[in-house]
Every structure is written in C-alpha cells, then in structure tokens.
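> Predicted structure and sequence below. I'll ask about it afterward.
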Amino acid sequence: MDKMVFKAYAVTNEIDLNRIAAKCNIPKKYTWEEPLILNENVLSEIFGKDIPEGEKILVFSFGSIVFINSPSEDEKLFIEYLKKEKIDIDVENYKQYSDDYELQVRENAEIELTDSYLTVPKFEVFYPELVSTVIAKSVALEKTEEHLSTILDTLETMIDKLEKGKLNVGNKEIAKTTSKIVRHEYNTIAYIMILDKPDITWTNSDAKNLYDMMSEFFELNDRYITLKEKTDILNNVLSGFSSISHSIRGLFVEWVIVILILVEVVLMVADLLK
C-alpha cells in the first residue's frame, strides 16, 4: 500500500476500551497506554458488510477515534455504534474536533513530515499506530483547549463583577468553576497522556525517533505546557476570588456582631432609663 489516509476525531472525554473489546469478542485487557485496534474482520461483524483490506479503526481511551482508509459512511456507522456505549457522543457534530493526515510510502524518498502528510521510503508495521496516536492526541488537545476557553469566559464574567464592585462571589459559583478546572487538568494529564509514549518506542529506536519527530512537529509537549501554565493561572485567580469572598463574609459576620452588641447596649440603656 503506497498511501494510508487517517481521519481523527475527539468525540468524548473517556472511552472504556475493555467494554468495547468485550462487545467485539476481542479477548484482551487494555490499559490506557494502548489503543483498541479494530481490523477489517471485526469491522465486518460490526457493520454487517464486507470491509476491504487495510481499513482499520483505532479507539483511544482518552476519547479520540482514528479511522484509517474509512469512507464517510463507515465513520458515521461506527460513531452511532459507539454512542450505544457512550451516550454523551454527539453523532451529528462528531467532526467538530478533527484532523486529516496521510502516510505516503515512496521508494527511495527521504522522510518528509508536514502538517498534512508523512512521506517514508518504506512501510513499517508500527507507522499506522504511531501516526494515529499523535493525531489522536492532537485533536484531544484541541478539544481540551476549547474547554479551557469556556472556563476563561466564566472567570472573565466573575472579574467583570469584581470591577463593578460586586465583590460577593458565591461559594457555589467558585466551587463550580473549580470543578471545571480540576476536570480540565484530569482530562489533560490522566486521559490524553501527553507525556506517555507508545510501548514500541521503548524497544525500537526508529519508532522512537519518528514519534518524537511527530510529537515535536505537532507541538504536543509545548501545547501541554501552555495548558498547564494557563491552568495554574486560573487556579491562582480562583484562589484570589475565594479569599475575597471569605474576607467579605468574615467582614459581614463582624459587622453583624457589632450591630448586635450595639442593639444590646441600646436595650440595656433603655432598661436603665425606665
């Protein structure tokens, strides 16, 4: 095969690979570090039709799916199939976070890496998984980056209130925003596993070099660091809001105590005058 076409989509935050594997009668236990690879034989059972050789689907635990040499109708069929296990998947808008890529094999060619294709002189069995892993992480990062933008919008609203003198930010609002930040961190670190590498890279130097090269080209580590720094800033800002809110509540309690003491004094004076 002289060309492989990859299409990656980030459709959810987490997918239970073992559950999907069991449903497809695949007798293997999967960890977060490896994708579930569905070949043409398994896909024939899922779709109820013959699937040409070379078509594959890779499902990643962090919510990304990579289709290899799959027509659009098969993509839609599999998304609908997956929705039965993950009801939060939006079938109509599953292409919202996506990327296309090609692996081109050209004899005697130099290795060439661009944002739309990778050219290699000969095919290696680990190429499809490595390419899929990188673009799967890339689209998952894109989804996480947009989620971070919504958190920033929420904080901006809270800052606007602060600028207008509305200092009393509710504990419920702070807790809700904090949970979004924690979820964002968990999705980035635990699910996408940016800092983890495929197992083959530890035993094959060519696989390691290719994965490192693609990771650097797609700026996976840099984007992760940027997300981490923004998250730290968000936590600091939220900590400031929390301190202001607690200070205001403490001041309010103090004023209530002062007023109660004054009322008691007034009542005592009124008693004495009687």
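Thanks, I have the structure now. Numbering: from 1, shown residues only.

> rest of the way, CA atoms for contacts and neighbours
Noted.

> where does the protein dip in pLDDT?
1, 154-195, 237-254, 274 (pLDDT under 70).

> Break down it into its helices, ranges please.
17-23, 40-47, 72-83, 127-163, 171-186, 205-217, 220-273 (DSSP state H).

> Can you tell me which of these is packed in deepest?
Neighbour counts (mean count of other C-alpha atoms under 10 Å) averaged over each of the helices of the chain peak at helix 127-163, with a mean of 18.

> How far off centre is that helix?
Here the centre of helix 127-163 is set off from its chain's centre by 7 Å, with C-alpha atoms, centre = their mean, to the nearest Å.

> That helix packs against which elements?
The contact analysis (3 or more C-alpha pairs under 8 Å, 6 or more residues apart in numbering; DSSP states H and E) places helix 127-163 against strand 3-10, strand 64-68, strand 98-105, helix 171-186, helix 205-217, helix 220-273.

> For Glu102, find the nearest of the helices of the chain.
Minimum separation from Glu102 across the helices of the chain (C-alpha to C-alpha) falls at helix 127-163, 8.9 Å.

> got the angle for that closest one vs helix 205-217?
30 degrees (axes from the mean of the first three to the mean of the last three C-alpha atoms, to 10 degrees).

> what's the angle from helix 127-163 to strand 3-10?
Angle, helix 127-163 to strand 3-10, by the same axes, to 10 degrees: 30 degrees.

> Columns distance to Ile89 on top of the helices of the chain, output as TSV?
What follows is the helices of the chain, written out as TSV (distance: least, C-alpha to C-alpha, whole Å):
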stretch	distance to Ile89
helix 17-23	15
helix 40-47	18
helix 72-83	6
helix 127-163	13
helix 171-186	18
helix 205-217	27
helix 220-273	24
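
> so which of the ones you listed gets nearest Tyr101?
Here helix 127-163 is closest among the helices of the chain (C-alpha to C-alpha), at 8.0 Å.

> Just want the angle from the closest one to strand 64-68.
Between the axes of helix 127-163 and strand 64-68, defined by the same axes, to 10 degrees, the angle is 150 degrees.

> please renumber so the chain begins at 53
Sure, I'll start counting at 53 from here, so that last one is helix 179-215.

> one step back: quick one, which of the helices of the chain is nearest to Lys55?
Across the helices of the chain, Lys55 has its closest neighbour in helix 179-215 (10.8 Å, C-alpha to C-alpha).

> How many residues are close by Tyr173?
Actually, residue 173 is Pro. It isn't Tyr. Pro173 is flanked by 15 other residues according to other C-alpha atoms under 10 Å.

> tell me the phi and psi of it?
Here is the backbone geometry of Pro173 (degrees, to the nearest 10): phi -70, psi -30.

> what does Lys174 give?
phi -150, psi 160.

> Give the bridge partners for Leu88, please.
For Leu88, the beta-bridge partners are Val111 (DSSP bridges).

> gap between it and Ser257?
Relative to Ser257, Leu88 is positioned 23 Å away (C-alpha to C-alpha, to the nearest Å).

> What of Glu105?
According to C-alpha to C-alpha, Glu105 and Ser257 sit 29 Å apart.
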